[in-house]
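Trainee: based on what follows, work out the 3D shape:
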Amino acid sequence: MRVDEWGKGLRVDLRIRLDGLLLAAAYAITCYAVRHVSIDQLFLPAGVRVAALLLFPPRLWAYLILGEYAYYAILRFPLIDDYGLTWFALASTYQMPVVALIVHLHRRLIVAGNEAWLLSLAALSSVVLGMANILLTELLWPPHLVENTAAALLKMSLGHYVAILTVAPLALVLSGRAGPAAWSSWRRLPSGGALAFLLILGYLSTRIPDADSGFKGGVQLLMAAPVIVLTCIHGWHGAAIGVPLLNLIVHLATPVTGLPGSFDAATFKTQQSLSVVFTALFALGAIAGNYRHRLDVSQQNQIEALSLAKASHLASEQELRARALRMRQIGENIDLSSSQMVDWLNGQGHRQFAGAVLRASTVSSRQFREQTSMVYPTSLEHVGLYLAIQIGGISQEWDATERVARPHLSGDPCELSTGLQLAAYRTIADAVSLLLEREKGQVQVRARCGGAQGLHGIVITVGVLDAGHMLAAKTVQMATERLASRTLTYGGKLQCCGNRVRVLMTEVPKGVAAESRAIDSPRRTSQRRASRS
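Mentor: Numbering: from 1, shown residues only. Now for the predicted structure:
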């Protein structure tokens, strides 16, 4: 049993080691390949080093260090006789561990999601390695071999910095580690036009003679314009695609011999300016991405809040509906008891008392039904919003005030969901009640249902008939407090202007069935029962 367990453990350990060795080999081959197409001002192995540390978890970093040592062993072993064993051992061992430590120190910033960490990582890695390389050179070799230490440090650090901004962002975007990218939006005209313009300028820069270095540098600087456009459109992802593409185009247009250590002074001046532009673009992309993330979170929270508010309104209406049904049942029991009492009085010969009880019972029953319909308009589920207003208790209450004109209602409210019709019913009732309480004169109610731009909705206007009348500031404040909740829940607008209150409430048609299911299900159940009976 122990032998089997030991064998299983050995097989698992062997599989992990094999994966690590393959990773180390792949890393060494990649660095060796890009080293032979690199120049001092664009040292691509530095970008590959950072990209590998970002893409693979820390448990695999030991294999990346092994791959780096193998790469340097192949590259620098023939140079031991020229530069010495000390240089070979020291210069080949510290770079990957130092960069791995820098990446580890940035992990909290990476997890935080703000892409500005890449600029800090690239700058710190390039400066530290540049200073370490110069210091090692000064210690091991005679001083006259390095004529200008500051210039050498600038060339080496800038080459590492530009290479990191070329390889690392592109690797993060293509691997999906930088978050989801909306690749479909890159096929639109602005993005496609910017990419096409960048490629055209890049082709022109390769066709310009090397002797005309000033004009060539100007064209290369102009290539930053479409990259700026991509950054403005796509944020950090735009910079992560545009900057590497621009760097590679500049690299292809650089007149060098192709050997390791090649350098072009004219292009180096252009790259110094471009490095400032690249830094600004990544910073701009990070800031834009941060604000866009906050906006997305805010919009999502708003959608969830509106969804919860709508669910709360529907749950409240459902409770009121159940209460209204119980009240109706109580009213029917009272009517039945009154009818039995009238029959008994008639049987005993008290016809006068029976008539008085019948009249009082009829009036009370009508008023009770009107008040029940004010709690919840059950007729709305069968005949729609407009008829529920005209035949319900709310119409009787308005008529009793003698201050509400006949409503002007147009459109088909049955195209709206039951939830939206109920919200419109409550809004109309609250608005009319508020104007009757706070303002003088006749009140007019107008409502119109319809659809536009893929939405269905209703426009409600409740105002004073006197056109010269202005709503009081207190009335406007109370109207906003009472009506804004339902209005915002259904994605509408509330306006208080002049002598009227105007409310727009909308909904998406495809969501009608799902939204109104909670209210409509009891009605459908009762209809099925009625059809069976």
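
Trainee: can you list the low-confidence ranges for the stretch 1-150 of the chain?
Mentor: Residue ranges of the stretch 1-150 of the chain with pLDDT under 70: 1-17, 112-115, 141-147.

Trainee: can you give me the helices in it?
Mentor: Remark: helices assigned in the stretch 1-150 of the chain by DSSP state H, counting those that start in this stretch are 2-35, 44-55, 61-76, 80-83, 85-91, 95-105, 107-112, 117-140, 149-175.

Trainee: need those in CSV with distance to Leu246, can you?
Mentor: Yep, even glycine has a C-beta here, placed from its N, CA and C like the rest. Formatted as CSV, the helices of the stretch 1-150 of the chain follow (distance: least, CB to CB, whole Å):
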stretch, distance to Leu246
helix 2-35, 18
helix 44-55, 14
helix 61-76, 27
helix 80-83, 35
helix 85-91, 31
helix 95-105, 24
helix 107-112, 24
helix 117-140, 16
helix 149-175, 9
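
Trainee: out of the ones you listed, deepest packed?
Mentor: helix 44-55 (a mean of 25; mean count of other CB atoms under 10 Å).

Trainee: that one vs helix 117-140, what angle?
Mentor: 130 degrees (axes from the mean of the first three to the mean of the last three CA atoms, to 10 degrees).

Trainee: and helix 44-55, what does it pack onto?
Mentor: In this structure, helix 44-55 packs against helix 2-35, helix 61-76, helix 95-105, helix 117-140, helix 149-175, with contacts taken as 3 or more CB pairs under 8 Å, 6 or more residues apart in numbering; DSSP states H and E.

Trainee: which of those sits closest to Gly491?
Mentor: Gly491 sits nearest to helix 149-175 of all the helices and strands packed on helix 44-55, at 34.9 Å, using CB to CB.

Trainee: low-confidence ranges in the chain?
Mentor: For the chain, the stretches flagged by pLDDT under 70 are 1-17, 112-115, 141-147, 177-185, 210-213, 253, 255-267, 510-533.

Trainee: phi first, then psi, for Gly441.
Mentor: phi 100, psi 180 (degrees, to the nearest 10).

Trainee: one more: Ser410?
Mentor: With angles defined as degrees, to the nearest 10, Ser410 sits at phi -140, psi 160.

Trainee: OK, contacts around it?
Mentor: 447-449 (CB atoms under 8 Å, 6 or more residues apart in numbering).

Trainee: looking at the helices of the stretch 1-150 of the chain, which is nearest to Ala324?
Mentor: Nearest of the helices of the stretch 1-150 of the chain (CB to CB): helix 107-112, 53.0 Å.

Trainee: what packs against that closest one?
Mentor: helix 117-140.

Trainee: now do the helix it packs on: distance to the chain's middle.
Mentor: When distances are taken as CA atoms, centre = their mean, to the nearest Å, helix 117-140 is centred 38 Å away from the chain's centroid.

Trainee: so which of the helices of the stretch 1-150 of the chain is nearest Ser316?
Mentor: Taking CB to CB, helix 107-112 is the member of the helices of the stretch 1-150 of the chain nearest to Ser316, at 40.8 Å.

Trainee: all strands of the stretch 401-533 of the chain, in order?
Mentor: Taking DSSP state E, counting those that start in this stretch as the test, the strands found in the stretch 401-533 of the chain are 408-410, 443-452, 455-464, 493-497, 500-507.

Trainee: mind checking those strands for the one nearest to Ile80?
Mentor: strand 455-464 (76.0 Å).

Trainee: quick one: that closest one to strand 500-507, angle?
Mentor: 170 degrees.

Trainee: direction included, what does strand 455-464 pair up with?
Mentor: strand 443-452 (antiparallel), strand 500-507 (antiparallel) (DSSP bridges).

Trainee: just give me the neighbour total for Ala288.
Mentor: Neighbour count of Ala288, defined by other CB atoms under 10 Å: 19.

Trainee: that one should be in a helix, yeah?
Mentor: Yes. The assignment for Ala288 is a helix, going by DSSP: H, G, I helix; E, B strand; the rest coil.

Trainee: for it, which non-adjacent residue is closest in space?
Mentor: Counting by CB to CB, 6 or more residues apart in numbering, the nearest residue to Ala288 once its immediate chain neighbours are dropped is Gly235, at 4.3 Å.

Trainee: what are the phi and psi values at that neighbour?
Mentor: phi 70, psi -140.

Trainee: please apply the same query to Gly491.
Mentor: Torsion angles, degrees, to the nearest 10, at Gly491: phi 60, psi 40.

Trainee: I'd guessed it sits against Ala309; true?
Mentor: No. If you go by CB atoms under 8 Å, Gly491 and Ala309 don't touch, sitting 11.2 Å apart.

Trainee: how about Tyr94: what's its closest non-neighbour residue?
Mentor: The shortest distance from Tyr94 to any non-neighbouring residue, by CB to CB, 6+ apart, is to Ala132 (6.7 Å).

Trainee: surely the one you found meets Val99?
Mentor: No. Ala132 lies out of contact with Val99 (CB under 8 Å); the separation is 10.7 Å.

Trainee: how about the helices of the stretch 201-350 of the chain, start to end?
Mentor: 213-222, 224-234, 236-252, 265-347.

Trainee: quick one: the residue nearest to Met96 when sequence neighbours are not counted from Ile200, how far?
Mentor: Of all residues beyond its chain neighbours, the one nearest Met96 is Glu68 (4.2 Å), with distances taken as CB to CB, 6+ apart. Using CB to CB, to the nearest Å, Glu68 is found at 38 Å from Ile200.

Trainee: contacting residues around Ser379?
Mentor: For Ser379, counting by CB under 8 Å, 6+ apart, the contacting residues are 373, 387-388, 391-392.

Trainee: any idea how many residues pack against the nearest residue to Arg502 once chain neighbours are set aside?
Mentor: Once flanking residues are discounted, Arg502 sits nearest to Gln495: 4.6 Å by CB to CB, 6+ apart. Using other CB under 10 Å, Gln495 has 15 neighbouring residues.

Trainee: so what's Gln495 up against?
Mentor: So, once contact is read as CB under 8 Å, 6+ apart, Gln495 ends up touching 501-503.

Trainee: distance of it from Leu488?
Mentor: 13 Å.

Trainee: separation between Ile428 and Ile389?
Mentor: 7 Å.

Trainee: please tell me I have it right and Arg403 contacts Glu439.
Mentor: No. Arg403 is beyond contact range of Glu439, at 9.6 Å (criterion: CB under 8 Å).

Trainee: kindly reformat the helices of the stretch 201-350 of the chain as JSON lines containing distance to Tyr72.
Mentor: Putting the helices of the stretch 201-350 of the chain into JSON lines (distance: least, CB to CB, whole Å) gives the following:
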{"stretch": "helix 213-222", "distance to Tyr72": "32"}
{"stretch": "helix 224-234", "distance to Tyr72": "34"}
{"stretch": "helix 236-252", "distance to Tyr72": "23"}
{"stretch": "helix 265-347", "distance to Tyr72": "25"}
